[in-house]
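Q: just to be clear, the model below is a prediction. Sequence and coordinates:
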Amino acid sequence: MQTSPANLSAWQKLKNQEINCTQALQLLVDEQGTVNQKFLDREVSSRFLRHFHDKSCLPPAIPLLLWQGCYYLGSPVTLSKEAIAELSDRTNSQVKIVPISDKSYRAWFHTQNINVNSISSAPLVNPLTGEYEQEDISETTELYLSKAADQIGRIKTLISGALRNRASDIHLEPMTDGLRVRYRIDGVLRDITILPGELSRRVIIALKVMSSIDISESRRPQDGRIGEKYTSQHEAELGMDMRVSTLPCVNGEKAVIRLLPRKNPFSNINNLGFSKETLAIYKSWLQQPQGMVILTGPTGSGKTSTLYTSLQVVANEHVNVVTVEDPVEYVLPRITQTQVNEASGMTFAAGLRAIMRQDPDVIMLGEIRDAETAETAVRAALTGHLVLTTLHTNDAVGAIPRLKDIGPDPALLSDALLGIVAQRLVRRVCPHCAEPYTPTAADLKVLGLQQRFGTWRRGAGCSACFNSGYLGREVIVELLDVDESVQEIIYEGSITQLNQYLRKINFASFRVAAIEKVTSGLTTVEEIMRVLPRSSLYNRIPTNENLKSRLQSAVTVN
């Protein structure tokens, strides 16, 4: 297959006498020292590098041209006469150095050391300093995609980029001008690149093949899974599951890939983001021999991570921990994990009934979806088992009427319930660009504060946080401890009575947690408003005395 004239390298153009040596160098390196990599030639690189068995001894240099017995090398540093003489002796050629930018050399170096046929989450290392560097995601992705030989290589390149940058999902969206790629990083979607229109359909088909989805059907939504291995900074082979969902749309099929590394990233319950007080209460629930703990919140609020971290706290050689999940997102040691398969009759309810015959001590139920599951879970909590499970409600209090609607006897529910945790994930202020911030009157009004106190911060934006001002996330918690008074209200009272009771106590509400996070400089009012339902900031507000007491004693566990 012949190379089209438009795709000829500068060296090939030079050999064809289309340009002279000076013009070839100008084509390769502009006035700012930026190297145009599409005009580099692989043959020139291979001829130069084959003289050096140990590449680590080479100075930082890019082989640009080989012409009339002379290698033209682009280097971001000034090479000594001795170094140039050694290169000349090893290659038996004359060597001339062309100054280039650091950025161009780093980009070239990374493309020489990638394998687009494998997946890696290892961060990029600056070859000039040996330190980790923050990549420009769009530039790096486009550069790596240009090196991919086929569609599967392109998909693996996108997955590697997502893993390196802490993305949880990859969105592939067909547009009129091509396939738009977006990563969800810290809960927010970010544009990465747009693949050419001629590749859009091919990439989606390749993804469907990888996930065992019917490629002949493009008129209905489909779901699939991919099991892959990937390498990290410290480990050569780790398992990862990916859930793939396709959806027919105007310009073709959209695909979303949910990345599920099997290695649980959360290892310490103290690092989740609970306050000192709420963490102490939550830990006390996990130490109980029986009862039910419910985590509630929307999809993507971190419930599964909190559950897995909690299971690692209770799992030891003396305890039998069994889970029913849909799907199993992380594989944990000392824990028996089972997966829902509704097609074969393995539902949450059926799995829970089977677990009860497996002599369990602790049961984790992925979600309560129906009356049968709720009834079985409550009875399990009353017969000597600690049950951890999840619901989808806006806040902690909302879980109680939701359970009552599903159907368990209120008397049994009040006896079984230890407590409820509602949570959201808020982005942390980037530590690299954080700066003091004076809140406005509108900021204070959102939190219901009369005056400023504590340390308010916001991120100015930097390369480490993609100029967003945020880096990483942590949980913000509303915690309802089911004491005797709450038990009585669950049994024979109403939600109105429960709200009235919560106003009398130091209820660990979302509003109190939000004030603690903002006034300690961990997050911002804008982030609180983005993730919390508006009602949680205004309803069930403690009295001023209780709020003041709570905030004065609050110590956030970092």
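A: Noted; the coordinates are in hand.
Q: tell me the phi and psi of Ile192?
A: Phi and psi for Ile192, reported as degrees, to the nearest 10, are phi -110, psi -60.
Q: the closest residue to it other than its chain neighbours: neighbour count?
A: Computed as C-beta to C-beta, 6 or more residues apart in numbering, the closest residue to Ile192 that is not its neighbour in sequence is Val181, at 4.5 Å. Every residue, glycine included, has its C-beta placed from N, CA and C. Using other C-beta atoms under 10 Å, Val181 has 24 other residues around it.
Q: name the SS class of Val181, please.
A: With DSSP: H, G, I helix; E, B strand; the rest coil as the basis, Val181 sits in strand.
Q: for it, what are its contacts?
A: Listed by C-beta atoms under 8 Å, 6 or more residues apart in numbering, the contact set of Val181 reads Thr141, Leu158, Ile170, His171, Leu172, Glu173, Asp191, Ile192, Thr193, Ile194, Leu195.
Q: ok, Gly74 next?
A: Gly74 sits in contact with Leu28, Val29, Val35, Ala61, Ile62, Leu64, Ile97, Val98, Pro99, Ile100, Ser104, Tyr105, where contact means C-beta under 8 Å, 6+ apart.
Q: cool, Pro436 as well?
A: Thr455, Trp456, Arg457.
Q: in space, what's closest to the first one - neighbours in sequence excluded?
A: Distances taken as C-beta to C-beta, 6+ apart put Gly521 closest to Thr455, at 4.4 Å, once the chain neighbours are dropped.
Q: just among the contacts of Pro436, which is most surrounded?
A: Arg457 (20 neighbours).
Q: how near is it to Glu474?
A: Plainly put, Arg457 is 14 Å away from Glu474 if you go by C-beta to C-beta, to the nearest Å.
Q: flag the shaky bits of the protein, pLDDT-wise.
A: Of all residues in the chain, those with pLDDT under 70 make up the ranges 1-6, 233-236, 262-267, 538-558.
Q: domains in it, by residue range?
A: Residue ranges for the domains of the chain, per the TED database: 10-109, 132-261, 269-551.
Q: so which of these comes closest to Ala122?
A: Among the domains of the chain, the nearest to Ala122 by C-beta to C-beta is domain 132-261 (4.6 Å).
Q: and the end-to-end length of the closest one?
A: One end of domain 132-261 to the other measures 22 Å (C-alpha to C-alpha, to the nearest Å).
Q: so where do the helices sit in the stretch 401-550 of the chain?
A: 410-416, 441-447, 484-492, 495-504, 510-519, 525-531, 534-538, 544-553 (DSSP state H, counting those that start in this stretch).
Q: before we move on, the earlier item: please tell me which one of the contacts of Gly74 counts the most neighbours.
A: Highest neighbour count within these, by other C-beta under 10 Å: Leu64, with 29 neighbours.
Q: tell me who's in contact with that one.
A: Applying C-beta under 8 Å, 6+ apart, the residues near Leu64 are Ala10, Leu25, Leu28, Val29, Val35, Leu40, Val44, Tyr72, Leu73, Gly74, Val98.
Q: again with Lys303
A: If a contact means C-beta under 8 Å, 6+ apart, then Lys303 has Leu295, Thr296, Gly297, Thr390, Gln423 as its contacts.
Q: kindly recompute the last result at 7 Å.
A: Going by C-beta atoms under 7 Å, 6 or more residues apart in numbering, Lys303 touches Leu295, Gly297, Thr390, Gln423.
Q: tell me how far it lies from Thr338.
A: Relative to Thr338, and taking C-beta to C-beta, Lys303 is found at 18 Å.
Q: I figured Ile269 hits Val314, correct?
A: No: if you go by C-beta atoms under 7 Å, Ile269 and Val314 don't touch, sitting 10.3 Å apart.
Q: of all the contacts of Pro436, which comes closest to Phe466?
A: Nearest member of those to Phe466, counting by C-beta to C-beta, is Arg457, at 18.1 Å.
Q: show me the beta-bridge partners of that closest one.
A: Beta-bridge partners for Arg457, by DSSP bridges, are Pro436.
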